[in-house]
Structure formats: C-alpha cells, structure tokens
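[1] Structural data only, the sequence is not supplied:
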C-alpha cells in the first residue's frame, strides 16, 4: 500500500463557497436569455465547466450554438467573476486542513474546472495565503472535468501516481474526473448529491477531515464502495 503522496483539491464548493455564487450568476444570465433556472437545470450547472453550462443555456433557449455558446460563456464568466470579487468565503474546515497539510509538508494542489481568470481571482482573494504547489484551471488542459485530464495532469506535475493521491471533490463531474484519473476521492457533497462508487469515501464537511483521516481514506478508498451521507438540504 503506497503512502499518501499528495492531496488534490477542487475549488468551487470544496474549498470556497462559490457554488451558490455560480448558480446565482447562471440564474442572472439565464434570465437575460428568457430562461428561468430551476432544479431541473442543476446537473448542467453545478460542478460543470463554463462552456458546458453555456451550451446548456443555448440549447434551452434555442439560440444558434456556434454563435451563442461563446457569448453566453463570456457572460457567465463575467457575472461569476463579479460575485467572486465581492467575496468568496472559505468552506468550513478548509483553512485548518490546508494549514495542517502545509505544516506537515504534504504537497497539495488546486484542480479546478473554472476558467483561469476565476481561479486567479479566488487564489488572489480568499486563498491568497495558501501555498499550493500549483493551480490548474479549465484553460490548462485540453479537456476539463468530468474527463480525467485535470487530475492526471496534476499527478504528473507532482511526479506521483494518481493512485497515491486523494482528490477532494464535491460534485458528480469532479468526482467522475478524479475517479477516471485513478485517484481515491474524498467526496464532501455541496449542492448536488454524489453516488457511491469504488475509490470513493465521503465526509459531511471538511471540519471532520485531517491529515490522519486523509491517510486513512487512501486505504479505505481501495476497499468496496462506501455509502455517502444523506444529501445536504
């Protein structure tokens, strides 16, 4: 059994409370397009890359895809960035866990499906003093989540096998990405529930996660699937 080599953190909804900001930004843009956002849209909004959500809104409103998607993606990014700049609070337990990993010398990186401009805004704000080994955005790989490229790239940059990493995620797409890359996934659900699966372990909050539990999750995650906690309300 290999030791924990690194921890790879998702950003939105995992380390910072930005999923609500993203939903609000999408709701704003959707309203401009004449579409009322509802719970039925959530799988195409929560944890999705900007282009994916833009494509969904274009389809929902009947806009021409070729010309509509880039413009809607730009509008989403602008609306989200405005909210992030106004303040994106840390999720409970995130600051303490990051400080512990830094203190103990465990490498950790940020692996996000948000555009580089948003990642830089958050790491220059709420996460300004966090010494990530590096940050990956949706702009840094050919394909972003739910594809495995982001987590494979992060492990390669750290020089460690994905199977020796714990990825901390909160959404179905992010979990699928880390799964496909071969990481053990610690799921801390936010707005959307994430189902059980091999290589997945669950926590209600980062407040109950420590370096010791991450090491335990690396072992536990190789066992049969662990059931998730009840969905957040």
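    Great, that's in hand. The structure presented is a predicted model; accordingly, all values stated were derived computationally and were not measured.
[2] thinking residue 97 is in contact with residue 206, fair?
    Yes. With contacts counted by C-beta atoms under 8 Å, residue 97 reaches residue 206, the gap being 5.4 Å. C-beta here means a position set from N, CA and C on the backbone, and glycine is covered the same way.
[3] Stretch 98-113: end-to-end distance?
    The separation between the terminal residues of stretch 98-113, taken as C-alpha to C-alpha, to the nearest Å, is 20 Å.
[4] wait, stretch 98-116
    Distances were taken as C-alpha to C-alpha; on that basis the terminal residues of stretch 98-116 are 21 Å apart.
[5] Centre of the chain to that stretch, how far?
    Going by C-alpha atoms, centre = their mean, to the nearest Å, the spacing between the C-alpha centre of stretch 98-116 and its chain's C-alpha centre is 12 Å.
[6] Report the buried residues of that stretch.
    Buried residues in stretch 98-116, counting neighbours by 16 or more other C-beta atoms under 10 Å, are found at 98, 101, 106, 107, 108, 109, 110, 111, 112, 113, 114, 115.
[7] Closest one of the residues you listed to residue 216?
    Lowest distance from residue 216 to the buried residues of stretch 98-116 (C-beta to C-beta) belongs to residue 106, with 13.9 Å.
[8] And for residue 79, nearest residue in space, chain neighbours not counted?
    The shortest distance from residue 79 to any residue other than its chain neighbours is 3.8 Å, reached at residue 25 (C-beta to C-beta, 6 or more residues apart in numbering).
[9] wait, is the one you found part of a helix?
    Yes. Looking at residue 25 with DSSP: H, G, I helix; E, B strand; the rest coil, it is inside a helix.
[10] Settle this for me: it is touching residue 84, isn't it.
    No. With contact taken as C-beta under 8 Å, residue 25 and residue 84 are classed as non-touching, separated by 9.1 Å.
[11] ranges for the helices of this protein?
    Per DSSP state H, the chain carries helices over the ranges 19-32, 50-61, 65-86, 94-104, 116-123, 149-158, 172-181, 211-220.
[12] about what we covered before: residues touching the residue nearest to residue 79, list them.
    With contact taken as C-beta atoms under 8 Å, 6 or more residues apart in numbering, residue 25 is in contact with 76, 79, 80, 82, 83.
[13] Tell me the buried residues within these.
    Among those, those that count as buried by neighbour count (16+ other C-beta under 10 Å) are 76, 79, 80, 83.
[14] As CSV, those with pLDDT and distance to residue 119 would be great.
    CSV is the format used below for the buried ones among the contacts of residue 25 (pLDDT from 0 to 100; distance: C-beta to C-beta, whole Å):
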residue, pLDDT, distance to residue 119
76, 94, 15
79, 93, 16
80, 88, 12
83, 89, 15
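[15] how about CSV for the residues you listed, with distance to residue 220 added?
    CSV is the format used below for those (distance: C-beta to C-beta, whole Å):
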residue, distance to residue 220
76, 37
79, 39
80, 35
83, 36
